[in-house]
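1. Dropping the sequence and predicted coords here.
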Amino acid sequence: MALYSFSPRLRFTPPAGAPVVVDLTTLDRLVRAEVLWEPLIDEIEMVDRSIQTERYGWRLGVLLEVFCTPGSVTDLALEGQVNHWLNRSDTTTEVSMDGGGVYRIAHLTRWTRTKPKPANVGVVYSIRLTCEYPISEDALPPEGRTAPATMEGWA
C-alpha cells in the first residue's frame, strides 16, 4: 500500500460575493488529511422475508486534523476564518484534496477543538466534511488501483 500526500483546500462562496479559498497546506501542523469512503446501501425486506440490497455508490468524506498552540497564526486562521465560513448556512462550501483541481460541495458534520492529555501544550482541531453528491459504483473500489481516486480527480 502506498502513501499519498493530499493538498486540502476549502472554497467558500457567499451568495453575492467572490469565492474565498483557504489552502490548508499552509497551516504549520496539518497532521491528518484523509479521504473516507462510505458505501450507500439500502436493505429492503421483501414479502417472503428475504433481504434485497440496493447499492447507490459511495459518499466521500474528508477528515482533517490540525495541531496548533493556542493563539498561534494557525489557531487564529482556523477559529477566525475557517470556522466563520463553515458555520454560515448561506455559503456554499467546497473541498478539494488535490490542490484545487477538483472541488466537491461538502457539508460540515463535525468540528471539535480538544486539548491533548496529559500535557496542556496545544489544541487539536478535528474537522469532518461530507460531500453532498455520491460517487457512482463504477468509479470504485479504491483498492487495487495504482493511484487513489483522490489523485485522479479524487472521484
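-> That came through, no problem.
2. Would you mark the buried spots in the top strand by length along the chain?
-> Determined from DSSP state E, the single longest strand within the chain is strand 51-68. Neighbour counts over strand 51-68 (16 or more other CB atoms under 10 Å) mark 58, 59, 60, 61, 62, 64, 65, 66, 67, 68 as buried. All C-beta spots, glycine's among them, are computed from the backbone N, C-alpha and C.
3. Include distance to residue 129 and pLDDT when you put those into JSON lines, please.
-> Below are the buried residues of strand 51-68 laid out as JSON lines (distance: CB to CB, whole Å; pLDDT from 0 to 100):
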{"residue": "58", "distance to residue 129": "15", "pLDDT": "82"}
{"residue": "59", "distance to residue 129": "11", "pLDDT": "87"}
{"residue": "60", "distance to residue 129": "9", "pLDDT": "87"}
{"residue": "61", "distance to residue 129": "7", "pLDDT": "90"}
{"residue": "62", "distance to residue 129": "5", "pLDDT": "92"}
{"residue": "64", "distance to residue 129": "8", "pLDDT": "92"}
{"residue": "65", "distance to residue 129": "12", "pLDDT": "92"}
{"residue": "66", "distance to residue 129": "14", "pLDDT": "90"}
{"residue": "67", "distance to residue 129": "19", "pLDDT": "89"}
{"residue": "68", "distance to residue 129": "19", "pLDDT": "87"}
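4. Mind pulling up the pLDDT for the closest residue to residue 77 other than its chain neighbours?
-> The spatial neighbour of residue 77 that comes closest, neighbours along the chain excluded (CB to CB, 6 or more residues apart in numbering), is residue 27 at 6.8 Å. Predicted confidence (pLDDT) for residue 27: 81.
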